[in-house]
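Asks: mind looking at a prediction? Sequence and model below.
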Amino acid sequence: MMPTFDGDPRQLSPLVLAYVGDAVFELYVRTHLVSRGSRVQDLHKAAVHFVQAKAQAEIIHAWEPFLSEEEKAIVRRGRNARSALPRNASVSDYRYSTGFEALLGYLYLSGQNDRLQELLAHLDAELTAGRQQ
């Protein structure tokens, strides 16, 4: 059983939201890939493709037309948060990926699981294709 968050996620730092969102996305990607079966090496390779900053930045750009104003504000907060500079990504991709992760963390902690699943469902075909790479 997953623990629940009793606070107001809007009061959390965008970097804390991104910290949780990173775990949410990693678990989603891994679960999706494992459900299709494969060797661990292949699973890891496919997962890495989706959890890197460039891929996450592309996802949040694609989602933008579907986001509410509140969700866009969470992404902006995450994107504008001051954090360490990336090693393996452009600054722009890193900032947008932080916004992406902040949104996932916010939706998860606020209990908006249907909305979280709705957004993540847009990735199902890409994840299936990514597993075959």
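Replies: Everything's here; your move.
Asks: from here on, contacts and neighbour counts on C-alpha atoms
Replies: OK.
Asks: which one in the protein is furthest away from the centre?
Replies: Arg39 (23.8 Å; C-alpha atoms, centre = their mean).
Asks: quick one, phi psi at that one?
Replies: Arg39 has phi and psi values of phi -80, psi 150 when expressed as degrees, to the nearest 10.
Asks: cool, the one 5 residues further on as well?
Replies: Geometry field for His44 lists phi and psi as phi -60, psi -40, criterion degrees, to the nearest 10.
Asks: look at it and report its pLDDT.
Replies: pLDDT recorded at His44 is 77.
Asks: would you mark the buried spots in the longest helix anywhere in the chain?
Replies: Ranked by residue count under DSSP state H, the longest helix found in the chain is helix 14-34. Under the neighbour-count criterion of 16 or more other C-alpha atoms under 10 Å, helix 14-34 has 14-22, 24-25, 29-30, 32-33 buried.
Asks: check stretch 73-82 too.
Replies: Here stretch 73-82 shows Ile74, Val75, Arg76, Arg77, Gly78, Arg79, Ala81 as buried, counting by 16+ other C-alpha under 10 Å.
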